[in-house]
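Enquirer: Pasting a predicted model and its sequence here:
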Amino acid sequence: MLRLHFNPWPFLHFDDAREVLWEIDAGPDPAVLASAPVLDLWQPILSSKIEVRLTGKCSGHPTLGRSQRWIVTSPLLGLAPDYSWARTFSRFYRLGQLADVRGIDLPPEVRFPERCTALPLDQVHLLLDILSSEIRDADG
């Protein structure tokens with residue numbers, strides 16, 4: 001198995017990331033998911049820091065506002081097999097329509113992390129599997 005041997009979030013403890021992975025394994029609590037923000041026209045991206053994130057038009061975000069706006073999420077840790085939800089380090093998102101970022105005109109307010117690229121879903125799953133293994137196997 002491919003091993004990356006890096007801490008993708010040097011400002012976080014692996015124990016925090018492991019707790020998020022346990023949440024993902026258990027699946028989202030229906031009440032938590034029902035109140036989660038919605039991310040529409042979403043697209044996975046890979047930053048230069050080897051972080052998988054999502055970008056899209058978000059509504060109902062508890063700290064960024066309830067109205068729709070383009071966002072880039074915190075690092076992605078889990079994605080439902082049916083693409084109905086995603087779990088970033090900070091929260092669950094309900095997912096709307098997938099959009100190919102390269103194929104649509106994005107508004108000027110969209111700010112991607114520097115030197116990032118859109119990712120196909122098969123690569124997202126591969127990277128999430130590797131990341132999950134790294135987090136679960138890391139020493140405290």
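Expert: It's in.
Enquirer: From now on I want contacts and neighbour counts done on CA atoms only, so please keep to that.
Expert: Fine.
Enquirer: Spatially central residue for this structure, please.
Expert: Leu76 (2.6 Å; Cα atoms, centre = their mean).
Enquirer: Lowest average confidence across helices and strands of this structure, where is it?
Expert: Least confident helix or strand of the chain, by mean pLDDT, DSSP states H and E, is strand 117-118 with a mean of 80.
Enquirer: What residues sit buried inside the helix or strand that comes right after it?
Expert: Going down the chain from strand 117-118, the next helix or strand is helix 121-137, by DSSP states H and E. Neighbour-count burial for helix 121-137, counted by 16 or more other Cα atoms under 10 Å, picks out 124-125, 127-128, 131-132, 134-136.
Enquirer: and which of those residues is nearest Thr88?
Expert: Lowest distance from Thr88 to these (Cα to Cα) belongs to Leu128, with 11.1 Å.
Enquirer: May I ask which helix or strand encompasses the closest residue to the closest one other than its chain neighbours?
Expert: Distances taken as Cα to Cα, 6 or more residues apart in numbering place Leu77 nearest to Leu128, at 6.3 Å, with adjacent residues excluded. Here Leu77 sits within strand 76-79, counting by DSSP H and E.
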